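Enquirer: Quick check, what structure comes out for this input:
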Amino acid sequence: MEIYEEPMVSIREAAQYLSIPESTLGAWKQNRSIHSVPAKRQGWPTLPFAAVVEAFVLRALRNLHFTRRQILDAAEGIRRDFNDDFGLVRPTSDMTVLRSSSK
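Expert: Now for the predicted structure:
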């Protein structure tokens, strides 16, 4: 299975798996904080596995009491700083950005 492009679960299913309100996941999908792909048929899944991982990361930030704006900024910053649309998902061996930003 291609974890970045192949739809795996619906918003409802991911919300249940991650204990996140559907409305939150829907908002994250709409503002592109998590990736989605077009459904192959109406009612079919639109979230690839990578989106579930992204949602897990964003939920962790929320559990740390990050505000909605801080969560969006963090997601955008990681993607920008690592020059990777899937920066919240992919492991990286280059921790230079993290080291320099923590000083």
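Enquirer: Distance check, the spatially most central residue of the chain against G43.
Expert: In the chain, the C-alpha nearest the mean C-alpha coordinate belongs to E54, at 2.4 Å (Cα atoms, centre = their mean). Going from E54 to G43 by Cβ to Cβ, to the nearest Å gives 22 Å. The way it works is simple: take the backbone N, C-alpha and C, and place the C-beta from them, glycine included.
Enquirer: repeat for I71
Expert: I71 is 28 Å from G43, by Cβ to Cβ.
Enquirer: Who has more neighbours out of those two?
Expert: I71 (19 against 7; other Cβ atoms under 10 Å).
Enquirer: give the contact list for that one.
Expert: By Cβ atoms under 8 Å, 6 or more residues apart in numbering, the contact list for I71 reads 33, 58, 61-62.
Enquirer: Mind checking which of these are buried?
Expert: Among the contacts of I71, the ones that count as buried by 16 or more other Cβ atoms under 10 Å are 33, 58, 61.
Enquirer: What ranges does the chain have for its helices?
Expert: Applying DSSP state H to the chain gives helices spanning 11-18, 22-30, 49-63, 68-81, 96-101.
Enquirer: packing partners for the second one?
Expert: Counting contacts by 3 or more Cβ pairs under 8 Å, 6 or more residues apart in numbering; DSSP states H and E, helix 22-30 packs against helix 11-18, helix 49-63.
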